[in-house]
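>>> Give me the fold of what follows.
(chains A and B)
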Amino acid sequence: AQSVAQPEDQVNVAEGNPLTVKCTYSVSGNPYLFWYVQYPNRGLQFLLKYITGDNLVKGSYGFEAEFNKSQTSFHLKKPSALVSDSALYFCAVRDSESSASKIIFGSGTRLSIRP
Amino acid sequence: DAGVTQSPTHLIKTRGQQVTLRCSPKSGHDTVSWYQQALGQGPQFIFQYYEEEERQRGNFPDRFSGHQFPNYSSELNVNALLLGDSALYLCASSLGVDTDTQYFGPGTRLTVL
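Numbering: from 1, shown residues only, chains lettered A, B, ... in the order given. Presented below is the predicted three-dimensional model:
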């Protein structure tokens, strides 16, 4: 069975500071990992994904995520937060052997950036 | 280029009623997936339609059914509504059934009273 956990319901960061949103996962095979962002009254927007290769993945809006196989983690990071980054962030995972529709989403982390 | 659109934006129903939600995929996409996002939770996969057939299904009861039309648009139908069906229903479109690249619509907020 596959699962994903986002241990923090909310993360608060001052503008200009680095931010990290945590994600851990569990799959039986090799993981495909994703981050999505959801703004109010908007659908999910794709940020980045890890399939294979370099453990550091760069995505949209200056975000990046680091895949750590030994810790089964895929934390989302940004060197300098913007107020406009305030939104709900979802980590998602699926096993590389399962179909794309079998993606599992975490419960989300609300990121709040204060000016 | 229009993205994924969904209608209506909001909907209020009472227990036992039936509801139909609609989705138009992004231009050029042929596959539509539906997700249920309960308050405070991540989206959960309901089912996927391709070539007017249900291709994949998540762990949802038969009260949830769907349809895809020749123009690739899709409907989600829920019968015998329960209070627990209150959620944001998201539609996502993609090109082909087994791709990780999908685009989400803004969702339909369903409230069951």
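>>> A:Gln10 touches A:Gly108, doesn't it?
No: counting by Cβ atoms under 8 Å, A:Gln10 stays clear of A:Gly108, with 9.8 Å between them. Placement of C-beta: from N, CA and C, glycine included.
>>> who's more crowded, the two?
Comparing A:Gln10 with A:Gly108 by other Cβ atoms under 10 Å in any protein chain shown, the one with more neighbours is A:Gly108, at 23 against 10.
>>> How about the contacts made by that one?
The neighbourhood of A:Gly108, defined by Cβ atoms under 8 Å, 6 or more residues apart in numbering or on different chains, consists of A:Gln6, A:Asp9, A:Gln38, A:Leu88, A:Tyr89, A:Phe90, B:Gly40, B:Gln41, B:Gly42.
>>> Can you classify the fourth one by secondary structure?
The reference is to A:Leu88. strand (DSSP: H, G, I helix; E, B strand; the rest coil).
>>> ok, and the closest non-adjacent residue to it?
Of all residues beyond its chain neighbours, the one nearest A:Leu88 is A:Gln38 (4.4 Å), with distances taken as Cβ to Cβ, 6 or more residues apart in numbering or on different chains.
>>> Please apply the same query to the last one.
Closest residue to B:Gly42 in three dimensions, ignoring its sequence neighbours and counting by Cβ to Cβ, 6+ apart: A:Phe105, at 3.1 Å.
>>> List phi and psi for that neighbour.
Backbone torsions for A:Phe105, taken as degrees, to the nearest 10, come to phi -100, psi 150.
>>> Just list whatever residues bridge to it.
Applying DSSP bridges to A:Phe105 gives these bridge partners: A:Ala92.
>>> quick one: it from B:Ile12, how far?
Look at A:Phe105 and B:Ile12: by Cβ to Cβ, to the nearest Å, they are 26 Å apart.
>>> Of the two, which one has the most company?
Taking other Cβ under 10 Å, A:Phe105 and B:Ile12 do not tie; A:Phe105 has more neighbours (21 against 12).
>>> Can you report how many residues lie near the spatially closest residue to A:Ala14 that is not a sequence neighbour?
In space, not counting the residues next to it along the chain, A:Ala14 is nearest to A:Arg114; the distance is 5.5 Å by Cβ to Cβ, 6+ apart. The number of residues packed near A:Arg114 is 11, by other Cβ under 10 Å.
>>> need the contact list for A:Arg114.
Taking Cβ under 8 Å, 6+ apart as the definition of contact, the neighbours of A:Arg114 are A:Asn12, A:Val13, A:Ala14, A:Glu15, A:Val83.
>>> Next, work out how far apart the third one and A:Asp95 are.
Pointing back at A:Ala14 there. Computed as Cβ to Cβ, the A:Ala14 to A:Asp95 distance reads 38 Å.
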